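S.K.: Sequence and predicted structure below; questions after.
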Amino acid sequence: MLHNLYAEQNKEHWGIIVSKQMPIGETLKRLLNKTGLAEQAAFKNRVIFL
């Protein structure tokens, strides 16, 4: 997984969002529910599963 590769190399990323394939409306709904008004730093070096 890309996240593990970055961690092994002591690299940072601004978040990785993973989702199964689904209709765009459902994807956007889940994304907005997960992110809301969260700060950028809340996603730094994290993997988010929708």
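M.R.: In hand now; what should we look at?

S.K.: Give me the distance from the helix or strand where residue 25 lies to the chain's centre.
M.R.: In the assignment (DSSP states H and E), residue 25 maps to helix 24-35. Helix 24-35 sits 12 Å away from the centroid of its parent chain (Cα atoms, centre = their mean, to the nearest Å).

S.K.: So what touches it?
M.R.: Contact partners of helix 24-35, identified using Cβ atoms under 8 Å, 6 or more residues apart in numbering, comprise 17, 19, 43, 48, 50. All C-beta spots, glycine's among them, are computed from the backbone N, C-alpha and C.

S.K.: give me that answer again for 7 Å
M.R.: Helix 24-35 is touched from outside by 17, 19, 48, 50, with contacts defined as Cβ atoms under 7 Å, 6 or more residues apart in numbering.

S.K.: Can you point out the buried residues in that helix?
M.R.: Judged by neighbour count (16 or more other Cβ atoms under 10 Å), helix 24-35 contains these buried residues: residue 30.

S.K.: Can you tell me which of the contacts of helix 24-35 is closest to residue 10?
M.R.: residue 48 (21.1 Å; Cβ to Cβ).

S.K.: does that closest one sit in a helix, a strand or a coil?
M.R.: strand (DSSP: H, G, I helix; E, B strand; the rest coil).

S.K.: burial count for it?
M.R.: 15 (other Cβ atoms under 10 Å).

S.K.: picking up where we left off before, turn the contacts of helix 24-35 into JSON lines, including distance to residue 30 and pLDDT.
M.R.: Shown next, in JSON lines, are the contacts of helix 24-35 (distance: Cβ to Cβ, whole Å; pLDDT from 0 to 100):
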{"residue": "17", "distance to residue 30": "10", "pLDDT": "92"}
{"residue": "19", "distance to residue 30": "7", "pLDDT": "93"}
{"residue": "48", "distance to residue 30": "10", "pLDDT": "90"}
{"residue": "50", "distance to residue 30": "4", "pLDDT": "90"}
